[in-house]
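Asker: Structure, please.
(2 chains, ligands or ions: 2)
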Amino acid sequence: MADVITYREAVSEGIAREMRRDRSVVCLGEDIGAAGGVFKTTAGLFAEFGGERVWDTPISEQAIVGMAMGAAMTGIRPVAEIMFSDFLACCWDYLANEIPKMRYMTGGQVTVPLVVRTANGGGLGFGAQHSQSVENWALAVPGLKIVAPSNPSDVIGLMAAAIRSDDPVLFFEHKGLMASKGEAPPAEHLVPLGQAAVAREGGDVTVVALASTVPLALAAADRLAADGIGVEVIDLRCLVPLDMATVLASLGKTSRLLIVEENPYQGGWGGTVAAIVADEGFELLDAPVRRVASECVPLPFADALEDEVIPTTAKVIAALRTLLAY
Amino acid sequence: MTADLGVSIAPDVLLGLFEQMAVIRGTEKAAHDLFLAGLVKGTTHLAAGHEAVAVGASAALRPDDYVFATYRGHHHAMARGATPAECLGELMSKGTGLNKAKGGSMHLTKASASMLGSYAIVGAHLPIAAGAAWSARLRGTGQVAVAFFGDGATNIGAFHEALNLAAVWSLPVLFICENNLYMEYTPIGSVTAVEHPAADRAPAYRLPSQVIDGNDVVVVAQTVGLAAERARAGEGPTVIEAMTYRHFGHSRTDPATYRPDGELDEWLTRDPLDVARARLAGLGVPAEDVDAAARRAAATVADAVEAAKAAPGPDPAEAFRDVWQDGGAAWRT
Ligand SMILES: Cc1ncc(C[n+]2csc(CCOP(=O)(O)OP(=O)(O)O)c2C)c(N)n1
Ligand SMILES: [Mg+2]
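Answerer: Ligands and ions are numbered 1, 2, ... in the order given. Below you'll find the model as predicted:
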């Protein structure tokens, strides 16, 4: 394998590594077989593992996720693909009412070890029904683990942890990152769920980011470094488990917090992070907590309009400058 | 409706099925009384009247076949081996309850007996059952999965998605509709374009279907037995629509005034327990033996009520157990 790998290739590589080591890992979804998926994130799986491990389904989101649940309850580790995360709304019953509650409400009798993967996020001009960042939908439901990697190495390491997890995992693959490149991790690379990464160290301000907003934060940090400002960038990697220990430890150093999230400000995950900081890290702060999130409108189509709505490097830089001037 | 399929059932086996049905009936009546006495909170959807569907199907299945039920599922839990004491304990919020008092009446589950849950979102479990059948096929175990559901579930998308995919993949799954003529308060016939809401849809998915007398435990056992054999042989799913009737209202607060005069009485003349009694008489089983089985069932239920009443409540710490597989509930560091 090449030393450099794209985010897109990392998805199929991550799944393939787990399928090689565990025969009970089986994939299902729309157009994921010989076609390799609409984002080509399952390319090569059908050729390597065949139709008994990689199943093309009809356009039946409820059946895809519902069947994955039934299979997970009975000895299979399904990896189900929902083509665009917007379509999770079509099978939300399974993610809100069935999968996350099964173990609890049966008093621990049943476990549901499955992964639902989905292409999330905007920036590609797909319009309001194919561009949303919906990780906050999942955060509203206790009982789901939520993963959203920002780079190819993490895609592979977190995919391994997600597929091996005995708990249900919702795995967000960001559409805007698919073509991004990174180092290919060694065999057996595994990133445990719930461990944030310090993507860049700095002493003046902390930026907490996830998936697509990590590269935005890193670009902003580069620009501010030219002015001698040290920006620490934390890549949360997961929303559940949420690694607040790493966030609070960073604030102990910087005393300033900016949260950058692609889901809308209203109900966005940054609200939860800010609330915990207010509860448990108030004494650490020298300035109000700021959030750069998507504006609270449906995502518009034109690039010029979409840029108005979703976080951009310019918005992150502007927010950082205001925060540092406080 | 199909008549007797001509497969014989031994008198002692039938007597056992009668006793199981009597235990379920007694437990449902006890649940009703305990509710009125204030000892069961929330809601209950009693299955009195539906016993033959659960007991007949269960008798035809392998112990490791998977069963998925609805919120009206006490009969399925008990038919698969949950004890009346465990079920009543759950209804009465006791630590000894089947689901450790974390599910309640609508979610009875006995996974150790492959009874994989009772689901309270109408129709949701049909794809889940299909998934268990897919899993059985992938693992090559020869197991069959069965989804029991109401007539009302046939108008929700999950029903259609499940039937189509199960048909296309030829999965070992049985779709058994307990058609009791009503959803909550509205007759199914007034909101459905076909006469038989499950069976009449099956041909659209190229699935075989049958409408049967769901109050005759022998007919149910025979029909399910043949369908399970087909499924195990790789011949795919079957849709079975079992006609039956609930003796109580939809749920605990429902006096069922929407039912036309005489309808309940008419169905009570075809009470599944009486149908089984008539069959037992026809097989030459003495009435005393049947009465003795009924008395044993009543004693089982009475003991279960006492055991459930005497059981302790749940440990408060249970509220924070078993969100995750590690037994805990931690969502952050
Ligand atoms: C998706 C969904 N919609 C509505 C309800 C509310 N509800 C609970 S039971 C019920 C009637 C279901 O009727 P049927 O499927 O015939 O089952 P029965 O109660 O007669 O056994 C309704 C509407 C629900 N639980 N789930
Ligand atoms: Mg009904």
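Asker: Could you use CA atoms for every contact and neighbour count after this?
Answerer: Will do.
Asker: Can you list the low-confidence ranges for chain A?
Answerer: A:1-2 (pLDDT under 70).
Asker: Now do the same for the residue of the stretch 201-333 of chain B found nearest chain A: its pLDDT.
Answerer: Residue nearest to chain A within the stretch 201-333 of chain B (CA to the nearest CA): B:Arg332, separated by 4.3 Å. If you check B:Arg332, the pLDDT there is 98.
Asker: Near it, how many other residues are there?
Answerer: When neighbours are defined as other CA atoms under 10 Å in any protein chain shown, B:Arg332 has 14 of them.
Asker: what about the residue nearest to it when sequence neighbours are not counted, how many neighbours?
Answerer: Nearest non-adjacent residue to B:Arg332, counting by CA to CA, 6 or more residues apart in numbering or on different chains: A:Leu242, 4.3 Å away. Here the count is done by other CA under 10 Å, and A:Leu242 has 24 residues near it.
Asker: again with A:Gly37
Answerer: The burial count for A:Gly37: 17, using other CA under 10 Å.
Asker: Can you show me the CA trace of stretch A:255-263 as PDB?
Answerer: Taking C-alpha atoms only, stretch A:255-263 is exported to PDB below (Å, rounded to 0.1, in the frame of the first residue of the first chain):
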ATOM      1  CA  SER A 255      -8.000  30.100  29.300                       C
ATOM      2  CA  ARG A 256      -9.700  30.900  26.000                       C
ATOM      3  CA  LEU A 257     -12.100  28.600  24.100                       C
ATOM      4  CA  LEU A 258     -13.500  28.700  20.500                       C
ATOM      5  CA  ILE A 259     -15.700  25.800  19.300                       C
ATOM      6  CA  VAL A 260     -15.900  25.300  15.600                       C
ATOM      7  CA  GLU A 261     -18.700  23.000  14.400                       C
ATOM      8  CA  GLU A 262     -20.500  22.500  11.100                       C
ATOM      9  CA  ASN A 263     -23.900  21.500  12.400                       C
END
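Asker: List of residues touching it?
Answerer: If you take CA atoms under 8 Å, 6 or more residues apart in numbering or on different chains as the criterion, stretch A:255-263 is touched by A:121, A:132-136, A:204-210, A:212-213, A:217, A:251, A:268-270, A:284-294, A:310-311, A:316, A:319-320, A:323-324.
Asker: which ones among the residues you listed come in contact with chain B?
Answerer: By CA under 8 Å from any CA of the partner chain, no member of the contacts of stretch A:255-263 lies near chain B.
Asker: Would you enumerate the residues in contact with A:Val115?
Answerer: A:Arg77, A:Pro78, A:Val79, A:Ala80, A:Ala162, A:Ile163, A:Pro168, A:Val169, A:Leu170, A:Phe171.
Asker: Just the ones of those in strands?
Answerer: A:Arg77, A:Pro78, A:Val79, A:Ala80, A:Val169, A:Leu170, A:Phe171 (DSSP state E).
Asker: Model confidence score at B:Thr253, please.
Answerer: pLDDT, B:Thr253: 82.
Asker: Equivalent analysis for B:Leu163, please.
Answerer: pLDDT, read off for B:Leu163, is 98.
Asker: Look at it and tell me its secondary structure.
Answerer: helix (DSSP: H, G, I helix; E, B strand; the rest coil).
Asker: That one contacts B:Ala204, doesn't it?
Answerer: No - here B:Leu163 lies out of contact with B:Ala204, judged by CA atoms under 8 Å, at a distance of 9.4 Å.
Asker: quick one, which of those two is more surrounded?
Answerer: More crowded of B:Leu163 and B:Ala204, by other CA under 10 Å: B:Leu163, with 28 against 11.
Asker: For residue 79, which residues are in contact?
Answerer: With no chain named, the answer covers chain A. By CA under 8 Å, 6+ apart, the contact set of A:Val79 is A:Val25, A:Val26, A:Cys27, A:Leu28, A:Ala68, A:Leu114, A:Val115, A:Val116, A:Arg117, A:Ile163.
Asker: Can you look at chain B instead?
Answerer: Listed by CA under 8 Å, 6+ apart, the contact set of B:Ala79 reads B:Gln20, B:Ala54, B:Val55, B:Ser58.
Asker: same thing but at 7 Å, please
Answerer: B:Ala54, B:Val55, B:Ser58 (CA atoms under 7 Å, 6 or more residues apart in numbering or on different chains).
Asker: do the same with A:Tyr94
Answerer: A:Val65, A:Gly66.
Asker: Over to B:Phe248?
Answerer: So B:Phe248 contacts B:Leu46, B:Ala48 (CA under 7 Å, 6+ apart).
Asker: same thing with B:Ala136?
Answerer: By CA under 7 Å, 6+ apart, the contact list for B:Ala136 reads B:Gly142, B:Gln143.
Asker: What score does it have for pLDDT?
Answerer: pLDDT recorded at B:Ala136 is 98.
Asker: Against B:Phe149, how distant is it?
Answerer: 21 Å (CA to CA, to the nearest Å).
Asker: ditto for A:Ile156
Answerer: For A:Ile156, the distance to B:Phe149 - CA to CA - is 41 Å.
Asker: So the two - more neighbours on which side?
Answerer: More crowded of A:Ile156 and B:Phe149, by other CA under 10 Å: A:Ile156, with 31 against 28.
Asker: ok, back up a step: which one among the contacts of A:Val79 gets closest to A:Tyr7?
Answerer: Nearest to A:Tyr7, judged by CA to CA, of the contacts of A:Val79 is A:Arg117 at 13.9 Å.
Asker: What is the burial count for that closest one?
Answerer: 23.
Asker: With B:Asn99 instead?
Answerer: Using other CA under 10 Å, B:Asn99 is surrounded by 28 other residues.
Asker: cool, B:Thr43 as well?
Answerer: 15.
Asker: ok, now B:Gln325?
Answerer: The burial count for B:Gln325: 19, using other CA under 10 Å.
Asker: I'd say it and A:Pro168 touch.
Answerer: No - the criterion here is CA atoms under 7 Å, and B:Gln325 misses it with A:Pro168 at 9.6 Å.
Asker: Where do the helices of the chain begin and end?
Answerer: Unless you meant another one, I'm taking chain A. Secondary structure of chain A (DSSP state H): helices at A:7-21, A:45-49, A:61-72, A:92-93, A:99-105, A:135-139, A:152-164, A:213-225, A:244-254, A:269-280, A:303-309, A:313-325.
Asker: sorry, should have said chain B
Answerer: B:11-36, B:51-60, B:74-79, B:84-91, B:125-139, B:157-168, B:217-232, B:263-268, B:272-282, B:287-310.
Asker: Can you name the residue of the stretch 201-326 of chain A nearest to chain B?
Answerer: Residue nearest to chain B within the stretch 201-326 of chain A (CA to the nearest CA): A:Leu242, separated by 4.3 Å.
Asker: for that residue, what are its contacts?
Answerer: When contacts are counted by CA under 7 Å, 6+ apart, A:Leu242 touches A:Gly194, B:Trp331, B:Arg332, B:Thr333.
Asker: just to revisit the earlier point, would you mind measuring from the residue nearest to B:Arg332 to B:Val323?
Answerer: Using CA to CA, we find A:Leu242 at a distance of 15 Å from B:Val323.
Asker: thinking again about what came up before, what about burial for the contacts of stretch A:255-263, which qualify?
Answerer: Burial by neighbour count, 16 or more other CA atoms under 10 Å in any protein chain shown: within the contacts of stretch A:255-263 this picks out A:121, A:132-136, A:204-210, A:212-213, A:217, A:251, A:268-270, A:284-285, A:289-294, A:310-311, A:316, A:319-320, A:323.
Asker: before we move on, the earlier item: quick check: which of the helices of chain A is buried the most?
Answerer: The highest mean neighbour count among the helices of chain A, using mean count of other CA atoms under 10 Å in any protein chain shown, belongs to helix A:61-72: a mean of 30.
Asker: which residues are in contact with that helix?
Answerer: When contacts are defined by CA under 7 Å, 6+ apart, helix A:61-72 is touched by residues A:28-29, A:78, A:80, A:90-91, A:94, A:99, A:112-114, B:127-132, B:134-135, B:158, B:161-162.
Asker: orientation of it relative to helix B:125-139 in degrees?
Answerer: With axes from the mean of the first three to the mean of the last three CA atoms, to 10 degrees applied, the angle from helix A:61-72 to helix B:125-139 works out at 50 degrees.
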